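Student: The sequence and its predicted three-dimensional model are supplied below.
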Amino acid sequence: MEFEHLLYEVTDGIASITINRASMLNALSRHTVGELDRAFAAAEADDSVRVLIITGAGEKAFVSGADISELAKMDPVSGRKTCEIGQRTFRRLETMGKPSIAAINGYALGGGCELAMACTIRIAAENAKIGLPEVTLGVIPGYAGTQRLPRIVGRGVAMDLILTGRAVDAAEAHRLGLVSQVVPLAGLAEAARKTALRIQRNGPLAVRAAMQAVDYGLDVGLDHGCRMEATLFGLLCATDDMREGLQAFLEKRKADFKAR
């Protein structure tokens, strides 16, 4: 699959997607978002892909934000349409049932922060700067930043970051729970791949069900969430993967899951 602004490859069940606009600090243009949508669709449809890793080219930026030259030309109609397209694209990533890891190298601002938050897991290099600075430009986050950030760090902290527009460094992002790991920049790719491989060797149906249970539970009450968990657990008990997992454990060998 060919892209202009992305690098895409699949190895060992891991789809690696790199935003490849280093000269523009990997800013998200409409074209880039469209290519991300195509890449996410390809990973979703590829049965060999079990985990995605998303990062930016170079050492300075994961994604530095929106393409300012495009933002300056937006009117109310095009502005809303641009937001809706980006929201759908990031939602596809979030709901495809395959976990994604944001390997955050350098700036993850605006749309970059929103892309990272749409990922299942976020790992930051020590040089990361993460934030939603849109209010400093007279607008607000448009790719669901106002929705995902409070779900991750809580309303109060989210309001602080959104209303001031300030960015946090990797250490503060980790303290706030915005990222789960902080590693040296030189070790970022290895850390992301190591995490992906740990997920990749687990039962894919179980991984999908666990993600579904967590996400559903965040949007409903505890009782409804528990019922969903019990339902999914019961369904997994009917799978070949569960029997293989138990048998492999008893035989002290690596499980060979088939997603069935």
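Tutor: Yep, that arrived. Numbering: from 1, shown residues only.

Student: Find the nearest non-adjacent residue to residue 96, please.
Tutor: residue 44 (4.2 Å; C-beta to C-beta, 6 or more residues apart in numbering). Any C-beta I mention is one placed from the backbone N, CA and C, and that applies to glycine too.

Student: secondary structure class for the one you found?
Tutor: With DSSP: H, G, I helix; E, B strand; the rest coil as the basis, residue 44 sits in helix.

Student: For it, give me its contacts.
Tutor: 92, 96, 97, 98 (C-beta atoms under 8 Å, 6 or more residues apart in numbering).

Student: Turn these into CSV, including pLDDT.
Tutor: Output for the contacts of residue 44, formatted as CSV (pLDDT from 0 to 100):
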residue, pLDDT
92, 97
96, 95
97, 94
98, 97
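
Student: which of these lies closest to residue 12?
Tutor: Distances from residue 12 to the contacts of residue 44, taken as C-beta to C-beta, are shortest for residue 98 (14.1 Å).

Student: My guess is the closest one contacts residue 43. True?
Tutor: Yes - between residue 98 and residue 43 there is a contact under C-beta atoms under 8 Å: 6.7 Å.

Student: shared neighbours of these two, anything?
Tutor: 49, 52.

Student: Mind listing what's buried along stretch 73-80?
Tutor: residue 74 (16 or more other C-beta atoms under 10 Å).

Student: tell me the contacts of residue 21?
Tutor: Contacts here follow C-beta under 8 Å, 6+ apart; on that basis residue 21 touches 5, 27, 29, 32, 57.
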